[in-house]
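Asker: Structure here, sequence nowhere to be found:
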């Protein structure tokens, strides 16, 4: 199986609005993340889909001149500001008429909250929670493709709260074998999430503990 493009490489490809494969990849990675953020900000599903679509349309134009510099901020900070601008534009539309999105953030990435007089701590908290959930989901996609279905099912049941003793009885395994399966998947999850973050931020990071998303 071919290794996925890194996010930095993906952003470079997105400069070409005609690179449909790059945009499909970007859509696959980030649409659900953005939708969940909008929904948690109280936007109805149909309107949230509209906001995300408008953010993507804005990015089509903005990324043509965008140069990613990790030293000036993380990619998720840039995407947060785009999403916040999209929500603000949606809220400002009289009778929901179209208001163009502000793409001025494309040339400069500012870490969330830094120098931001309109800082919304609740929005930032939700964004960070959804970002963690986003990377957990991406890693689980790989886990489901690369581990045996039985091992994945055991891990899912473990995450749902089943005890080691319950899992051993349910799957006909020793408790030691259950521990090994869970640890093997956790280790792989930590490696995958760390790799995803490196690809997204363009920076070296330490492995992160696997914590299933809440909700």
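Answerer: Everything's here; your move. On a predicted model such as this, the values are computed, not experimentally measured, just so you know.

Asker: so which helix or strand takes in the spatially most central residue of the chain?
Answerer: For the chain, residue 134 is the residue whose C-alpha lies nearest the centre (Cα atoms, centre = their mean; 3.5 Å). Assigned by DSSP states H and E, residue 134 belongs to helix 121-146.

Asker: and after that helix, which helix or strand comes next?
Answerer: Moving toward the C-terminus from helix 121-146, the next helix or strand (DSSP H and E) is helix 149-159.

Asker: what is the rounded mean pLDDT of the helix or strand following that next one?
Answerer: Using DSSP H and E, the helix or strand that follows helix 149-159 towards the C-terminus is helix 164-171. Taken as a whole, helix 164-171 carries a mean pLDDT of 97.

Asker: go on, stretch 145-161?
Answerer: What stretch 145-161 shows for mean pLDDT is 96.

Asker: cool, stretch 21-29 as well?
Answerer: What stretch 21-29 shows for mean pLDDT is 86.

Asker: Buried residues of it, list them for me.
Answerer: Applying a neighbour-count criterion of 16 or more other Cβ atoms under 10 Å, one finds 22-23, 25-26, 29 buried in stretch 21-29. Where C-beta positions appear, they are placed from N, C-alpha and C, glycine not excepted.

Asker: ditto for stretch 140-160
Answerer: Residues 140, 142-143, 147, 151-152, 154-155, 157-158 are the ones in stretch 140-160 that count as buried (16+ other Cβ under 10 Å).
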